[in-house]
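# Please work out how this folds:
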Amino acid sequence: MQICSNFRIGQPSASITPTGPLINWIIREDYPDVLDAIQVQALALEEGDTRVLLISFDLLETRSCEVRKLRALLEKNQGIPADHILM
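Here you go, the predicted structure:
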């Protein structure tokens, strides 16, 4: 979607539901199946040379070391500065 000549918005999403057996961490038994898919959603904003990315995960916890790795990967591959990425 383009609002004006220099402003762009993108809203990607993807399923990050693991495949294969999932083990319940409390009782240590396999879950019978997946009830709801786990999603990651993002909102990308760009105006001129400035790009910002907001990311939301359907997770209880996202470790800070993983957030740093993902920010570095996005900065390297997409050119978005790590300090412009909010998770």
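
# Show me where this structure has its strands.
Here the chain has its strands, by DSSP state E, at 2-4, 7-10, 13-15, 39-47, 50-57, 85-86.

# Adding distance to Gln78, write those strands out as TSV.
Just so you know, the C-beta spots here come from the backbone N, C-alpha and C atoms, and that holds for glycine as well. Below are those laid out as TSV (distance: least, CB to CB, whole Å):
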stretch	distance to Gln78
strand 2-4	19
strand 7-10	11
strand 13-15	15
strand 39-47	9
strand 50-57	8
strand 85-86	9
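
# can I get the ones you listed in TSV with mean neighbour count and mean pLDDT?
Below are the strands of the chain laid out as TSV (neighbours: other CB atoms under 10 Å; pLDDT from 0 to 100):
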stretch	mean neighbour count	mean pLDDT
strand 2-4	8	57
strand 7-10	12	88
strand 13-15	11	94
strand 39-47	15	94
strand 50-57	16	94
strand 85-86	16	96
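
# Of all the ones you listed, which one is nearest Arg63?
Across those, Arg63 has its closest neighbour in strand 50-57 (11.4 Å, CB to CB).

# Tell me which of the strands of the chain sits nearest to Asp30.
strand 13-15 (20.1 Å).

# Check which helices and strands that closest one sits against.
Helices and strands touching strand 13-15, by 3 or more CB pairs under 8 Å, 6 or more residues apart in numbering; DSSP states H and E, are strand 39-47.

# Please work out the angle formed by the directions of the strand it packs on and strand 50-57.
Inter-element angle recorded for strand 39-47 and strand 50-57: 170 degrees (by axes from the mean of the first three to the mean of the last three CA atoms, to 10 degrees).
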